[in-house]
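A.B. asks: quick one: sequence plus predicted model below, questions after.
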Amino acid sequence: MANPRPTPYSQFNFTVGFANIDDGPFGGFQECSNLGQEVTVAEYRNGNDAMNHVRKVTGLNKAADVTLKRGVVGTLPFYTWMDSIRRGSVDTISGAVQDVTIILNTEDQQAPVFTWTLHNARITKHVCGPLNAKGTDVAMEEITLAYEWLEMS
């Protein structure tokens, strides 16, 4: 789906979707950070190897936790998902682990440009506030998602 073009895409045209929350968009995220993955490498050398250098052996895949920051939007399915994780449900049947899709759109919001899918994601951190009656700022929440692997398309 990624196409070459002379100018880069704007970073503010993205949407986030949750697999088990299908009642429409429940909030607009202002920031999505740390999309990425890493494959570790182990170094190994046979004791009787004729070459005096190590061999690189592919190790485990690690995915960076993703942090989403957004305005507060009260939706019951999202908080039900958080509650199922808190209660210790970790399988995909109950919905505690689900796929999260982050889509970068064109400037006119009409077509997807690139998609990141976070497989088997779960919420590891949820922070609300601060709430301040003296200010005029929008209430914000921060959500951190841990996931097992990243698929890009």
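C.D. replies: Structure received.

A.B. asks: just the strands in the chain please.
C.D. replies: Ranges of strands in the chain, per DSSP state E, are 14-18, 29-33, 37-44, 55-63, 66-71, 98-105, 112-128, 140-146, 149-152.

A.B. asks: what's the closest of those to F78?
C.D. replies: Across those, F78 has its closest neighbour in strand 14-18 (7.3 Å, C-beta to C-beta). For glycine as for every other residue, the C-beta is placed from the backbone atoms N, C-alpha and C.

A.B. asks: re earlier: now mean neighbour count and mean pLDDT too, for the strands of the chain, in JSON lines please.
C.D. replies: Shown next, in JSON lines, are those (neighbours: other C-beta atoms under 10 Å; pLDDT from 0 to 100):
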{"stretch": "strand 14-18", "mean neighbour count": "18", "mean pLDDT": "78"}
{"stretch": "strand 29-33", "mean neighbour count": "14", "mean pLDDT": "82"}
{"stretch": "strand 37-44", "mean neighbour count": "11", "mean pLDDT": "92"}
{"stretch": "strand 55-63", "mean neighbour count": "12", "mean pLDDT": "91"}
{"stretch": "strand 66-71", "mean neighbour count": "17", "mean pLDDT": "82"}
{"stretch": "strand 98-105", "mean neighbour count": "18", "mean pLDDT": "85"}
{"stretch": "strand 112-128", "mean neighbour count": "16", "mean pLDDT": "88"}
{"stretch": "strand 140-146", "mean neighbour count": "17", "mean pLDDT": "86"}
{"stretch": "strand 149-152", "mean neighbour count": "13", "mean pLDDT": "91"}
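
A.B. asks: need the residue closest to the centroid of this structure.
C.D. replies: Among the residues of the chain, the one closest to the centroid is V66, at 4.3 Å (C-alpha atoms, centre = their mean).

A.B. asks: give the contact list for the residue lying closest to it once chain neighbours are set aside.
C.D. replies: Nearest non-adjacent residue to V66, counting by C-beta to C-beta, 6 or more residues apart in numbering: L145, 4.8 Å away. Taking C-beta atoms under 8 Å, 6 or more residues apart in numbering, we find L145 in contact with D65, V66, T67, L68, V100, L118, A121, R122, I123, T124.

A.B. asks: look up how far N46 lies from the closest residue to E43 other than its chain neighbours.
C.D. replies: Nearest non-adjacent residue to E43, counting by C-beta to C-beta, 6+ apart: V54, 4.1 Å away. As judged by C-beta to C-beta, to the nearest Å, V54 and N46 stand 10 Å apart.
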